[in-house]
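Enquirer: Quick one, what's the 3D model for this:
(2 chains)
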2 protein chains.
Amino acid sequence: MNLDEDLEEAAGAVAVPGTAQPGVRRARAWLSRAVEPGTIDLWRYVEDVGPVDAVRRLRAGTAPDRVRSLVGARAHEDATLADLRRAERCEARFVVPEDDEWPAYPLHALTVAVAGEPAEPRHQSDRTRAPVPPMGLWVRGSARLDVVTDRSVAVVGSRASSAYGEHVAAELGHQLGERGWTVVSGGAYGIDAAAHRGALAAGVPTVAVLACGVDRVYPAAHGALFARIAESGLLVSEWPPGCAPLRHRFLVRNRLIAGLTRGTVVVEAAARSGAQATATRARTLGRPVMVVPGPVTSALSVGCHELLRDEEAGAILVTSAAHVVEAVGGIGTDLAPPVERPASPRDGLSDLAARVLDACPVRIGVGPERLASIAGCDVLEVLKVLPSLELADLVQWTGTGWRLARSERAGEG
Amino acid sequence: MNLDEDLEEAAGAVAVPGTAQPGVRRARAWLSRAVEPGTIDLWRYVEDVGPVDAVRRLRAGTAPDRVRSLVGARAHEDATLADLRRAERCEARFVVPEDDEWPAYPLHALTVAVAGEPAEPRHQSDRTRAPVPPMGLWVRGSARLDVVTDRSVAVVGSRASSAYGEHVAAELGHQLGERGWTVVSGGAYGIDAAAHRGALAAGVPTVAVLACGVDRVYPAAHGALFARIAESGLLVSEWPPGCAPLRHRFLVRNRLIAGLTRGTVVVEAAARSGAQATATRARTLGRPVMVVPGPVTSALSVGCHELLRDEEAGAILVTSAAHVVEAVGGIGTDLAPPVERPASPRDGLSDLAARVLDACPVRIGVGPERLASIAGCDVLEVLKVLPSLELADLVQWTGTGWRLARSERAGEG
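Expert: From the prediction side, this is the model:
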């Protein structure tokens, strides 16, 4: 069907709850190709007049100049049918805000954030950093978008990762998966891939948010990985099928990784890195930023440590999935267990008892008088504490005197 | 000379500024053997009546019961002359608060802290944790105690350290030394030794605060290390020569490491460790607690990460001597340089210019119309930004079209 006829029909139709009308979906598909995502003024115009009327006016040349200039020469192109068919061929679909499947709750933070942007374009955030909700999301895979992102955490980091970083990312992905949390990442080399693989190894769905069409494989070596992700989870993109992974798109994409999740974990990040940018996006949206530390001798942890040193960043140091879940989970239900500290029988000792214990020799037993002299107290006091030290198996009677019990004869604390 | 005669003379003598009278020094020497350091009530009594009268009354049995009971049977012993001679034989000396050399300024924090302790012994801090200033300090080495501790930092950590931890501790010791800071540590195996050795390698004095007499070598393998420390720096102890490194003494000693320095750096610490205790002591004294992170896969960094996760601990993550000096140094003079971020010619680009740049192919040049279509903008806009992209050496003209400049043909950022 001709786009304009489709839109006219949609403009007059009664909305069916739960699923977007074909015209609405097609309008949003058109917008997703006509203007690069992250453009504040277009998003505001669509909010204002609705997607169908927005497209009709843009094509008719009756939209305000500022919005028309965003579309430029593409106003008269229409690849929507081709895009939707291309999506169908790779078993993808285009999910829009009018669908029940839309992850409205997590993305609401972007709607709130964009409201704070100034009206004047010159004062608005740069498009690569602007907090703008997506027009719609092209998704490929078997999971439902809203369900799979409901309890989700972003795990991001360097492409040029170390074995240490990949091990930690895979462990996190696996453990988060086991705890019922979805790992969202960017499908890139290094930390992203390790996190996805960790989740897949746990047999749980994972989500890769791409900077190109969901029918493209970038990096090319990740064909098998993307196929596995799509089997149980989702490949997600703001760009229509066929779109190339242009460099600026990675930056625009990062806000979605932050926006779809309850918090972002940075595993390895060099001094200047996209992972830090994603962390900044998460913070802007009020989501916890979590950072895994590493050896200070590793250039790949410099960005992580800088995030942790930056008081304004408010980043939380995490070393395990338990810490992550504690930060993003429900209060009271997802608290990390405290670090286990081996209890020592010495712990409860009074000062006097500790001194008498320290006065006890290792091999040859000595009498209470000698203990009193070494410990710097009276004999009576020594006699008072010896029984409890013996009961705690800290000292023993040799027949001629007192000495340390076997368990206490090593180390010095 | 007989102790009691010496004291009587001291009690009547006129004080000479700068150096303690022999009687005062002898009185404090007696007290340093008669009662274990860290005992609040003794310290208060000495503050009250002075060291000379305190010793006279304790020996005469006229001191209050509570203080007398601390001394117990040792009231009638006197090893002061032997102790002072023994110190002399190993080229050590006993520095007391009445000496100019006394590090009064750093230790003042302990005087302030002990004032907050309750009067009732049952409610006072445990002696191993009580913030009590020392009676005097036995020191061995060529440095002046007040001078060498003036700009000093404690570097502490696990005895069972990893190669990573030792490397970092040695680097810190070396770099702090080069910046004119003294490393104070405990002379133990592992992190302590590595920090001392790093400072020695930088050719600067370092200070080991021991839990035994300064004439003893504990651990025994550190004979050569202690000798090198004494050559230019100091071995320091609250205990008279000959005293053994009893376990509880390490805990009591820790407050001195914290008290003598402007801040404490923890390099490696297991979940339950003395290094954490030293950090707690530093915090109590209002000194910065700094922590070096490590691999989350290392048990030896668990304590470090726990300190950094504990909001109440207020620990600062540090990865270099520059960070340490920034935390403990003077404001404005010792700021750490920001992490160097490689500048990229892309940094200053407008959104439009970045899109046009991304639209440029790698090999075969294309015309402005094609670039406009890929970048989603008008041809005029493309023509406007191409000159600046060419000037920045980001794109080049092939004769038939535009393509990426050589420098831009790798990676995707």
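
Enquirer: quick one: the longest helix anywhere in chain A near chain B?
Expert: The residue-count maximum for a helix in chain A (DSSP state H) belongs to helix A:163-178. Yes - with Cβ under 8 Å from any Cβ of the partner chain as the measure, helix A:163-178 is seen reaching chain B through A:Tyr164, A:His167, A:Val168. C-beta here means a position set from N, CA and C on the backbone, and glycine is covered the same way.

Enquirer: Next to chain B, which bits of the stretch 151-300 of chain A? Give me the list.
Expert: Contact residues (Cβ under 8 Å from any Cβ) of the stretch 151-300 of chain A with chain B: A:164, A:167-168, A:245-251, A:271-272, A:274, A:292-297.

Enquirer: Adding neighbour count and pLDDT, write the residues of helix A:163-178 next to chain B out as CSV.
Expert: Rendered in CSV, the data for these read as follows (neighbours: other Cβ atoms under 10 Å in any protein chain shown; pLDDT from 0 to 100):
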residue, neighbour count, pLDDT
A:Tyr164, 20, 97
A:His167, 17, 98
A:Val168, 30, 98
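
Enquirer: what residues are up against A:Thr149?
Expert: A:Thr149 makes contacts with A:Pro103, A:Pro106, A:Thr182, A:Val184, A:Val207, A:Leu260, A:Thr261, as judged by Cβ atoms under 8 Å, 6 or more residues apart in numbering or on different chains.

Enquirer: Let's see that with 10 Å instead.
Expert: Going by Cβ atoms under 10 Å, 6 or more residues apart in numbering or on different chains, A:Thr149 touches A:103, A:105-107, A:143, A:182, A:184, A:207, A:209, A:234, A:236, A:259-262.

Enquirer: quick revisit: model confidence over the next helix or strand after the longest helix of chain A, on average?
Expert: Using DSSP states H and E, the helix or strand that follows helix A:163-178 in sequence is strand A:182-185. Mean pLDDT, computed over strand A:182-185, is 98.

Enquirer: Keeping just the C-alphas, turn strand A:182-185 into PDB.
Expert: The C-alpha coordinates for strand A:182-185 follow below in PDB (Å, rounded to 0.1, in the frame of the first residue of the first chain):
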ATOM      1  CA  THR A 182      19.100 -10.100  32.000                       C
ATOM      2  CA  VAL A 183      22.500  -8.900  30.800                       C
ATOM      3  CA  VAL A 184      22.200  -6.100  28.300                       C
ATOM      4  CA  SER A 185      25.300  -5.100  26.300                       C
END
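
Enquirer: Sheet partners, orientation included, of that strand?
Expert: Sheet pairing of strand A:182-185 (DSSP bridges) gives strand A:152-156 (parallel), strand A:206-210 (parallel).

Enquirer: next structured bit after it?
Expert: helix A:191-201.

Enquirer: so what does that following helix touch, helix or strand wise?
Expert: strand A:152-156, helix A:163-178, strand A:182-185, strand A:206-210, helix A:223-232, strand A:264-266 (3 or more Cβ pairs under 10 Å, 6 or more residues apart in numbering or on different chains; DSSP states H and E).

Enquirer: Centre-most residue in chain A?
Expert: Geometric centre of chain A, nearest residue: A:Ala154, 2.0 Å, by Cα atoms, centre = their mean.

Enquirer: re the thing from before, now list the buried members of the contacts of A:Thr149.
Expert: A:103, A:106-107, A:143, A:182, A:184, A:207, A:209, A:234, A:236, A:259-262 (16 or more other Cβ atoms under 10 Å in any protein chain shown).

Enquirer: And the residues you listed, which is closest to A:Pro134?
Expert: A:Leu107 (7.4 Å; Cβ to Cβ).

Enquirer: I figured the closest one hits A:Leu256, correct?
Expert: Yes - contact criterion Cβ atoms under 10 Å: A:Leu107 and A:Leu256 qualify, at 8.5 Å.

Enquirer: Need the overlap of contacts for the two.
Expert: Shared contacts of A:Leu107 and A:Leu256, defined by Cβ under 10 Å, 6+ apart, are found at A:Pro133, A:Pro134, A:Leu137.

Enquirer: Can you tell me which of those residues is nearest chain B?
Expert: Nearest to chain B among the shared contacts of A:Leu107 and A:Leu256 is A:Pro134, at 15.9 Å by Cβ to the nearest Cβ.

Enquirer: who's in contact with the closest one?
Expert: With Cβ under 10 Å, 6+ apart, A:Pro134 has these contacts: A:28, A:32, A:37-38, A:43, A:95-97, A:102-103, A:107, A:110, A:236-239, A:252-253, A:255-256, A:259-260.

Enquirer: Could you do A:Val267 as well?
Expert: By Cβ under 10 Å, 6+ apart, A:Val267 lies in contact with A:155-158, A:161, A:164-173, A:185, A:190-192, A:194-195, A:275, A:290-292, A:294, A:300-301, A:304, A:318, B:296.

Enquirer: Phi first, then psi, for the closest residue to it other than its chain neighbours.
Expert: Spatial nearest neighbour of A:Val267, chain neighbours left out: A:Gly157 (3.8 Å); criterion: Cβ to Cβ, 6 or more residues apart in numbering or on different chains. The phi/psi pair for A:Gly157 (degrees, to the nearest 10) reads phi 170, psi -170.

Enquirer: Tell me how many other residues crowd A:Gly157.
Expert: The tally of other residues near A:Gly157 (other Cβ atoms under 10 Å in any protein chain shown) stands at 35.

Enquirer: pretty sure the residue nearest to the centre of chain A contacts A:Gly263?
Expert: Yes - between A:Ala154 and A:Gly263 there is a contact at 7.1 Å, judged by Cβ under 10 Å.

Enquirer: Chain neighbours aside, what residue packs nearest to whatever residue of the stretch 101-250 of chain A ends up closest to chain B?
Expert: With Cβ to the nearest Cβ as the measure, A:Leu246 is the residue of the stretch 101-250 of chain A nearest to chain B, at 3.7 Å. Spatially, and ignoring its direct neighbours in sequence, A:Leu246 is nearest to B:Asp358 (3.7 Å; Cβ to Cβ, 6+ apart).

Enquirer: immediately after the host helix or strand of that neighbour, which helix or strand?
Expert: Following DSSP H and E, one finds B:Asp358 within helix B:351-359. As assigned by DSSP H and E, the chain's next helix or strand after helix B:351-359 is helix B:368-375.

Enquirer: Quickly note the distance from the residue lying closest to A:Val395 once chain neighbours are set aside to B:Gly38.
Expert: Residue nearest to A:Val395 in three dimensions, not counting chain neighbours: A:Leu389, with 4.5 Å by Cβ to Cβ, 6+ apart. A:Leu389 is 21 Å from B:Gly38, where distance means Cβ to Cβ, to the nearest Å.
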